[in-house]
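K.L.:
Need a 3D model of the sequence below.
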Amino acid sequence: MIQDNQKNFSRLQMLFDIIVIAVSYIAAWMIRFIGPFAYSAVFTLSFQQYMFALIFIIPGYLLLYQAFTLYEPMHMQGRRLVLANVIKANVLGMLLIIFALYMLEESDFSRLMIYIFCGVNIVLEWGARMLIFAFLRDMRRRGLNQKQVILVGYSRAAEEYIDRVQANPQWGYIIRGILDDNVPSGTVYKGVKVIGRIANLTVILPANRLDEIAITLGLSEYYQLEEIVGMCEKSGVHTKFIPDYNKIIPTRPYTEDILGLPVINIRYVPLSNTFNAMVKRLMDIVGSIAAIIVSSPVMILMCILIKATSPGPLIYRQERVGLHNRTFWMYKFRSMELQPEAEEKKAWTVKNDPRVTGIGRFMRRTSIDELPQLFNILKGDMSLVGPRPERPFFVEKFREEIPRYMVKHQVRPGLTGWAQVNGYRGDTSIRKRIDCDLYYIENWTIGFDIKILFLTFFKGFINKNAY
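P.N.:
Predicted coordinates for the structure are as follows:
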């Protein structure tokens with residue numbers, strides 16, 4: 001079974017990692033105390049005392065590698081993602097070691113050695129994984145370590161599966177053919193032929209050495225599913241099901257077991273979990289209070305400039321749609337001349353919009369006009385991170401035009417979000433913005449929020465698309 005092979009390969013990969021971590025650590029010690037940095041070294045601790053720390057470092061790093069999915073099939077992740085995860089795991093490991101030394105009040109342990117270890121280990125781990133990847137790819141090119149697959153059912157799911165397999169030959173899948181009752185034998189899709197009817201499974205399974213059966217039935221043929229699974233399981237061949245409604249369910253569906261009845265949730269929303277929601281709310285309260293204190297000088301200055309340059313209120317409030325489709329009043333610094341409320345509700349600003357004031361244009365470009373939303377966050381209407389809220393008029397418009405648009409209202413709207421740090425702000429694609437919002441909703445973690453806040457400081461404040 002391929003999954004069993006993957007487990008064995010992961011165990012082997014862990015063994016290699018133990019060796020690489022140990023070699024990297026010893027190399028770091030040599031560079032610090034024997035090599036180019038030895039001139040400033042103080043030999044307070046012995047070599048044996050430094051090596052004793054490996055008892056804790058090695059299992060700790062293996063757990064970090066597991067957490068950062070470094071034991072998932074590398075050919076399924078891509079080399080850049082693997083490198084990014086190697087770097088993240090090692091940097092976090094370095095920070096944890098330094099934190100542990102601080103808590104233990106261990107001042108004699110060389111911090112420079114830990115920094116060197118982090119750098120060396122990243123290089124060696126990445127190099128080792130690339131060598132293994134090249135070795136496996138070479139094996140597959142020579143016809144070894146390949147998986148022979150038959151598809152049962154000709155459908156959109158079958159075509160999409162073939163597309164992906166052929167675009168990624170490094171996966172090692174060889175599709176031998178398709179069985180289907182409705183498409184004539186001999187029909188070919190991208191070199192993969194329909195070789196018979198589904199009933200031929202009773203002949204093919206005993207006669208062929210297949211690694212996998214992929215059930216790719218069309219929706220209208222699901223009545224055969226139980227019978228096909230029964231045939232496949234009698235043969236002992238690993239069977240997987242590729243649904244023909246993949247545009248409906250997410251790539252990572254959330255399943256529940258209700259007294260033995262499996263239930264697939266159409267969309268997994270981590271923030272529907274009470275504990276996750278409480279943690280995020282606590283982060284919002286602490287973060288908004290801190291941000292209000294830090295930004296108060298800027299907000300006071302903006303109040304003075306707004307009042308001095310144009311008549312009207314300092315704070316502009318606008319109705320927006322938030323969590324569970326409930327409306328709330330969102331606060332902003334006023335950046336435009338006063339206008340009738342009915343007109344404002346139905347129009348976005350455009351390039352060189354005459355309604356925008358001089359100081360307003362600067363605030364919009366730098367996102368300073370959004371600072372009063374920190375009070376929305378403190379109230380609970382918004383969150384530090386989440387999909388940006390929209391006006392009711394546009395929500396009604398987009399819900400009919402853009403699939404899954406309303407899913408964004410399953411979480412609190414945010415001051416910043418994944419779409420914003422990816423450049424989808426102001427006059428940009430609504431569809432791409434929603435794709436980013438859905439990705440955030442389905443993949444939320446506290447770490448993801450921190451990452452978005454970090455990126456906001458570097459590329460989220462300046463809005464080139466703000467008019």
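
K.L.:
All the helices of the stretch 101-250 of the chain, residue numbers only.
P.N.:
With DSSP state H, counting those that start in this stretch as the criterion, the stretch 101-250 of the chain has helices at 111-141, 156-167, 201-207, 225-235.

K.L.:
tell me the secondary structure for the residue nearest to Gly380 when sequence neighbours are not counted?
P.N.:
Using C-beta to C-beta, 6 or more residues apart in numbering and skipping the chain neighbours, the partner closest in space to Gly380 is Arg281 (7.4 Å). Placement of C-beta: from N, CA and C, glycine included. Assigned by DSSP: H, G, I helix; E, B strand; the rest coil, the conformation of Arg281 is helix.

K.L.:
Could you check how far Arg281 is from Ile446?
P.N.:
12 Å (C-beta to C-beta, to the nearest Å).

K.L.:
Low-confidence stretches in the chain?
P.N.:
1-8, 73-78, 140-145, 170, 207-208, 246-253, 339-354, 426-427, 459-467 (pLDDT under 70).

K.L.:
Which stretches in it count as strands?
P.N.:
Taking DSSP state E as the test, the strands found in the chain are 147-152, 173-179, 188-189, 192-196, 212-215, 238-241, 254-258, 261-265, 315-321, 327-333, 383-385, 414-416.

K.L.:
coming back round to it: columns distance to Val411 on top of the helices of the stretch 101-250 of the chain, output as CSV?
P.N.:
Listed next are those as CSV, based on distance: least, C-beta to C-beta, whole Å:
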stretch, distance to Val411
helix 111-141, 34
helix 156-167, 29
helix 201-207, 45
helix 225-235, 34
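
K.L.:
closest one to Gly93 among these?
P.N.:
Judged by C-beta to C-beta, the one of those that comes nearest to Gly93 is helix 111-141, at 7.3 Å.

K.L.:
Now that closest one: buried residues?
P.N.:
Within helix 111-141, the residues that count as buried by 16 or more other C-beta atoms under 10 Å are 113-114, 116-118, 120-122, 124-126, 128-129, 136, 140.

K.L.:
Kindly report the same for stretch 387-397.
P.N.:
Pro387, Arg388, Pro389, Glu390, Arg391, Phe394, Val395.

K.L.:
Out of those residues, which comes closest to Val188?
P.N.:
Pro387 (43.8 Å).

K.L.:
wait, the closest one sits on Trp444?
P.N.:
No - contact criterion C-beta atoms under 8 Å: Pro387 and Trp444 do not qualify, at 11.1 Å.

K.L.:
So for those two, which residues contact both of them?
P.N.:
Val411 (C-beta atoms under 8 Å, 6 or more residues apart in numbering).

K.L.:
contact partners of stretch 328-335?
P.N.:
299, 302-303, 306, 310, 312-320, 322, 356-357, 359-361, 363-364, 368-373, 375-376, 381-382, 389.

K.L.:
In that stretch, which of the residues would be classed as buried?
P.N.:
Buried residues in stretch 328-335, defined by neighbour count with 16+ other C-beta under 10 Å: Phe328, Met330, Tyr331, Lys332, Phe333, Arg334, Ser335.

K.L.:
related to what we said a few turns ago, filter the contacts of stretch 328-335 to the buried ones?
P.N.:
302, 306, 310, 316, 320, 322, 356-357, 359-361, 363-364, 368-373, 376, 381-382, 389.

K.L.:
Could you give the separation of stretch 62-75 from the chain centroid?
P.N.:
15 Å (C-alpha atoms, centre = their mean, to the nearest Å).

K.L.:
what's that stretch in contact with?
P.N.:
Identification of contacts with stretch 62-75 by C-beta under 8 Å, 6+ apart yields 6, 10, 13-14, 17-18, 77, 82, 85-86, 88-90, 92-93, 129, 132-133, 136-137, 168, 170-172.

K.L.:
Equivalent analysis for stretch 224-231, please.
P.N.:
So stretch 224-231 is contacted by Val152, Ile198, Leu201, Thr202, Leu205, Ile215, Leu217, Thr239, Phe241 (C-beta under 8 Å, 6+ apart).

K.L.:
Try it again at 6 Å.
P.N.:
For stretch 224-231, the external contacting residues (C-beta atoms under 6 Å, 6 or more residues apart in numbering) are Val152, Leu201.

K.L.:
mind listing what's buried in it?
P.N.:
Neighbour-count burial for stretch 224-231 flags Ile228, Met231 (criterion: 16+ other C-beta under 10 Å).

K.L.:
Can I get it in PDB, CA atoms only?
P.N.:
The C-alpha atoms that make up stretch 224-231 are tabulated as PDB, following Å, rounded to 0.1, in the frame of the first residue of the first chain:
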ATOM      1  CA  GLN A 224     -22.900   1.900  -8.100                       C
ATOM      2  CA  LEU A 225     -20.500   3.200  -5.400                       C
ATOM      3  CA  GLU A 226     -21.100   0.700  -2.700                       C
ATOM      4  CA  GLU A 227     -20.800  -2.300  -5.100                       C
ATOM      5  CA  ILE A 228     -17.600  -1.000  -6.600                       C
ATOM      6  CA  VAL A 229     -16.000  -0.400  -3.200                       C
ATOM      7  CA  GLY A 230     -17.000  -3.900  -2.200                       C
ATOM      8  CA  MET A 231     -15.200  -5.400  -5.300                       C
END
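
K.L.:
Roughly how far does the nearest residue to Gly386 once chain neighbours are set aside sit from Met231?
P.N.:
In this structure, Gly386 finds its nearest non-sequential neighbour in Gly414, 2.9 Å apart by C-beta to C-beta, 6+ apart. Going from Gly414 to Met231 by C-beta to C-beta gives 50 Å.

K.L.:
just to revisit the earlier point, now render the buried residues of stretch 387-397 as CSV, adding distance to Ala157.
P.N.:
Listed next are the buried residues of stretch 387-397 as CSV, based on distance: C-beta to C-beta, whole Å:
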residue, distance to Ala157
Pro387, 30
Arg388, 34
Pro389, 36
Glu390, 34
Arg391, 39
Phe394, 35
Val395, 33
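
K.L.:
Filter these down to the ones in helices?
P.N.:
With helices defined by DSSP state H, the entries of these inside them are Phe394, Val395.

K.L.:
which one among the buried residues of stretch 387-397 gets closest to Cys436?
P.N.:
Pro387 (8.3 Å).

K.L.:
and the closest one, what does it touch?
P.N.:
Counting by C-beta under 6 Å, 6+ apart, Pro387 makes contact with Lys408, Pro413, Gly417, Asp437.

K.L.:
Inside helices: which ones of the contacts of stretch 328-335?
P.N.:
Per DSSP H, the contacts of stretch 328-335 map to helices at Met299, Met302, Cys303, Ile306, Ile359, Gly360, Arg361, Met363, Arg364, Gln373, Phe375, Asn376.

K.L.:
Nearest to Ile452, out of these: which one, please.
P.N.:
Gln373 (15.3 Å).

K.L.:
I figured that closest one hits Leu415, correct?
P.N.:
Yes - contact criterion C-beta atoms under 6 Å: Gln373 and Leu415 qualify, at 5.2 Å.

K.L.:
What number of residues are in the vicinity of Gln420?
P.N.:
Look at Gln420: counted by other C-beta atoms under 10 Å, it has 26 neighbours.

K.L.:
mind checking how far Gly287 is from Asp369?
P.N.:
For Gly287, the distance to Asp369 equals 19 Å [C-beta to C-beta].
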